[in-house]
Every structure is written in C-alpha cells, then in structure tokens.
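Asker: Attaching a predicted model along with its sequence, questions to come.
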Amino acid sequence: MKYGTGVALVIAAGVLWSSQGLIFRQIDTAGTWATLFWRSVGMLPALLLWQITQHGRAALGGFAAVGLAGVLGGLGLVGAFGGAIYAIQSTTIANAVFLFTASPFLAAILGLLLLGERVRPETWAAMVVGVAGIFVMVREGLETGALAGNIAALLSALGFATFTVMLRWRKVADTMPIVILGGVFSLVTGAVVAVAVGQPLAVPVSDALWAMAMGAGTLTGGMILYGMGSKVIPAGELALLSNIEVVLSPIFVWAFLGETASTNTFVGGAVLLAAVTVNGIIGARRAVLA
C-alpha cells in the first residue's frame with residue numbers, strides 16, 4: 001500500500017466516525033454506558049463477519065498473532081471510549097474536545113519510545129497548528145475546574161494513542177483482532193459500569209437499534225479503514241489524521257440537523273484541515289522520493 005492510499009483510508013475513517021454525532025442525536029433515553037454497551041453489541045458481529053470474510057477458517061489465528069499488543073490495544077480502546085464518555089459527562093464539551101487533541105502527541109511519543117518511529121518535523125508542526133485550530137473552535141467554551149472530567153479526557157487521548165501504537169506493533173499483518181478485543185472489552189465495561197451506576201441496559205428498541213447501527217456501520221467501518229491505513233502511516237500521523245473527526249462532527253450536525261455552528265468552528269476547522277492536508281502532501285512526496 002502506498003502512503004497516500006493510507007492517508008486517504010484514515011481520512012475516510014475520520015469522516016465515518018464524525019457522522020456518529022448525527023446518530024447520537026437520534027437516541028432519546030439510553031444513557032451513555034448503555035449506549036456504549038449496545039453500540040458494542042452491533043460492532044462485534046460486524047467485525048467478526050469482516051474477519052471471517054477476509055480470512056475464512058484462519059480468522060481466529062490472528063488473535064494469537066497480536067498477543068499482548070492485542071490486549072493492550074483493546075484496553076486502550078476501552079480507555080478511549082470510556083474516558084470520552086466520562087469526560088463529556090463531567091466537564092465541558094469544549095474542554096473535552098481540546099484535551100482529546102493530546103492524542104497525536106502521545107501517540108508520537110509512544111511510537112518513538114516503543115516502536116522507534118521518528119516523527120517528521122513538519123508532522124510536529126502540523127500537530128501544533130492542529131491544536132491551535134481546535135483551540136479556535138472551542139475557546140469560547142473552555143472553562144477551569146472539573147478536574148476529574150479533564151483527567152478523563154486526557155486518559156481518553158492516551159487510550160486512543162495506545163490503541164494506535166498497538167496497531168503498529170511488530171507490523172502485525174492483521175490488526176482487526178485488536179479492534180475486536182476492544183469491542184469485547186467495551187461491551188463488558190459498558191454493562192458493568194451501567195449496572196454499577198444504576199443505568200438500565202433495557203432501553204427503548206429504537207435507541208438500541210440506533211446504537212447497534214452506529215456500532216455495525218460507522219464505528220466498524222471506520223475501524224477497518226483506520227486499521228488498514230495503519231500499515232503505512234506512523235502512529236503520530238495516524239492520530240493527527242483522526243482529528244478530522246473533531247472538525248466534521250459539528251459541521252455535520254449543523255448541515256443536517258440545523259444545530260448552531262459558530263464562525264470559530266469553521267475557521268478553526270479550516271486551520272486543522274490545512275495542517276493535515278499539508279502534512280499529508282509532504283509525506284506523500286517523501287514516500288515517492290524514497
């Protein structure tokens with residue numbers, strides 16, 4: 001796979017993930033942990049079907065190949081999902097979104113330490129510009145306080161960074177078992193936490209169906225594309241590209257549901273998109289020259 005193809009796949013994954021905001025708006029009464037549970041219920045069969053389609057009887061062999069990386073990556077995915085949910089419940093959306101942008105930096109550092117992946121200077125620059133763009137998007141809503149929620153947002157960023165780095169671990173040919181393990185862990189976590197906090201898992205059928213459709217469609221599709229792109233893109237750049245989700249989510253709900261989007265949302269989003277685009281073009285040219 002060429003570098004440019006990998007970039008296109010990861011961007012497509014971000015587009016799919018960003019559309020989940022539209023689906024979340026269709027869920028009326030299900031709590032966040034119940035939504036995580038039912039989304040995982042929809043995600044797992046879709047991922048397993050993809051795995052069987054791709055590998056047939058050898059589908060289960062991939063789980064042994066990923067080993068410890070699969071477990072750590074799966075747990076990282078749970079941290080990414082669970083931390084994001086808790087952060088959104090416990091701090092402002094602006095705080096959570098801004099802190100999520102730590103993920104590319106954390107992925108780059110972990111990739112350097114664990115995988116020896118060097119980060120190009122222009123990628124570091126793109127990360128900084130990207131954070132500036134997201135700051136412009138959310139700066140009016142940033143607040144101090146809510147320490148627990150802010151820490152959860154950072155843990156979510158660390159979880160996604162860990163998941164991203166584990167996809168690159170030892171250049172594993174089949175990364176889907178890592179995602180499937182993440183789905184299993186997320187299902188269990190959603191059920192356990194929902195019961196612990198007294199949140200019913202028995203939700204209206206429409207809510208369960210919307211959550212399952214999200215898991216089977218946008219979440220699974222994005223994970224497949226992200227896993228494919230991870231084969232040729234360093235961890236830091238992967239996480240940077242995934243920030244497109246943050247830009248497009250408010251734009252989608254503005255365009256299709258009429259929710260308010262400020263000028264800052266478009267300006268900041270344009271800055272982030274420009275940073276990602278320039279970094280991708282430079283990376284593709286370097287790959288060709290190499």
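Answerer: It's in.
Asker: Can you show me the helices along the stretch 51-200 of the chain?
Answerer: Along the stretch 51-200 of the chain, the segments classed as helices by DSSP state H, counting those that start in this stretch run 61-90, 93-100, 103-110, 121-138, 147-168, 176-196.
Asker: mean confidence for stretch 204-213?
Answerer: Looking at stretch 204-213 alone, the average pLDDT works out to 96.
Asker: Same question for stretch 19-39.
Answerer: Taken as a whole, stretch 19-39 has a mean pLDDT of 90.
Asker: end to end, how far does that stretch reach?
Answerer: One end of stretch 19-39 to the other measures 14 Å (C-alpha to C-alpha, to the nearest Å).
Asker: that older thread, and residue 33, which of the helices of the stretch 51-200 of the chain is closest to it?
Answerer: Between residue 33 and the helices of the stretch 51-200 of the chain, the tightest spacing by C-beta to C-beta is seen for helix 176-196, at 3.9 Å. From N, CA and C alone the C-beta is placed, and that goes for glycine too.
Asker: which one of the helices of the stretch 51-200 of the chain has the lowest average pLDDT?
Answerer: When the helices of the stretch 51-200 of the chain are compared on mean pLDDT, helix 93-100 scores lowest, with a mean of 80.
Asker: Remind me what that one packs against, helices and strands.
Answerer: Judged by 3 or more C-beta pairs under 8 Å, 6 or more residues apart in numbering; DSSP states H and E, the packing partners of helix 93-100 are helix 61-90, helix 121-138, helix 147-168.
Asker: Of all the residues in it, which ones are buried?
Answerer: Of the residues in helix 93-100, those buried by neighbour count under the rule 16 or more other C-beta atoms under 10 Å are 94, 95, 96, 97, 98, 99, 100.
Asker: any idea which of those is closest to residue 242?
Answerer: Proximity of the buried residues of helix 93-100 to residue 242 (C-beta to C-beta) peaks at residue 100, which lies at 9.7 Å.
Asker: Distance-wise, check that closest one relative to residue 22.
Answerer: From residue 100 across to residue 22, the span is 19 Å (C-beta to C-beta, to the nearest Å).
Asker: sorry, back to before: okay, the buried residues of helix 93-100 in JSON lines with distance to residue 36 next?
Answerer: Below are those laid out as JSON lines (distance: C-beta to C-beta, whole Å):
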{"residue": "94", "distance to residue 36": "22"}
{"residue": "95", "distance to residue 36": "21"}
{"residue": "96", "distance to residue 36": "16"}
{"residue": "97", "distance to residue 36": "19"}
{"residue": "98", "distance to residue 36": "22"}
{"residue": "99", "distance to residue 36": "19"}
{"residue": "100", "distance to residue 36": "17"}
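Asker: Many thanks, we can stop here.
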